[in-house]
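**Q** Any chance you can model this:
(one chain, ligands or ions: 1)
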Amino acid sequence: MMLNRLFNKDAPERDDGLVQVAKVTELNPHKLKRVVVEGQPILLVLLEKATQNSNLVIVAFSSICPHALGDLSQGYLTKAEIDCPVHYYRFDIRTGACNYPKDGPKLRIYPVIIEGNDVLLKIEKPKWMEQADDEMS
Ligand code: FES
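**A** Purely as a prediction, here's the structure:
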């Protein structure tokens, strides 16, 4: 609940742990939109507009490259892949798989839920952050 209010003061509080991060109408096809939720930079991409035969497809993934922390918001987006601008690792933005090199680290993906014009994300703390919280308490 608190998370949603931190991101967008006007957003209604939710009990399901989802965070409203953008409006569908703010997204342009195949353009990156950067949002920051609880200190986590996240990139949104509208991959497919809704048509008679297909649903709207929006993906969300970390803006931080899992190889060496490159900023993927400066990366090169092609269809459903993004190239990191630092060492040119290439990630599938639907699955997080590293397509080049094949044994590269996986990109963090966030589940996206679309409710009307709202884009909602399920944000969970990374395991290392939960462990750090446990150690500090
Ligand atoms: S930091 Fe992204 S490929 Fe090395």
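
**Q** pLDDT averaged over the helix of greatest length in the chain - what is it?
**A** Looking across the chain with DSSP state H, the single longest helix is helix 127-136. When pLDDT is averaged over helix 127-136, the result is 76.

**Q** Glu81 and the ligand, how far apart?
**A** Using CB to the nearest ligand atom, to the nearest Å, we find Glu81 at a distance of 13 Å from the ligand. Just so you know, the C-beta spots here come from the backbone N, C-alpha and C atoms, and that holds for glycine as well.

**Q** Next up, the contacts around that residue.
**A** Residues in contact with Glu81 (CB atoms under 8 Å, 6 or more residues apart in numbering) are 90-93, 99.

**Q** Which secondary structure state is assigned to the residue nearest to Gly70 when sequence neighbours are not counted?
**A** Closest residue to Gly70 apart from its sequence neighbours, by CB to CB, 6 or more residues apart in numbering: Val86 at 3.5 Å. Secondary structure, DSSP: H, G, I helix; E, B strand; the rest coil: Val86 is coil.
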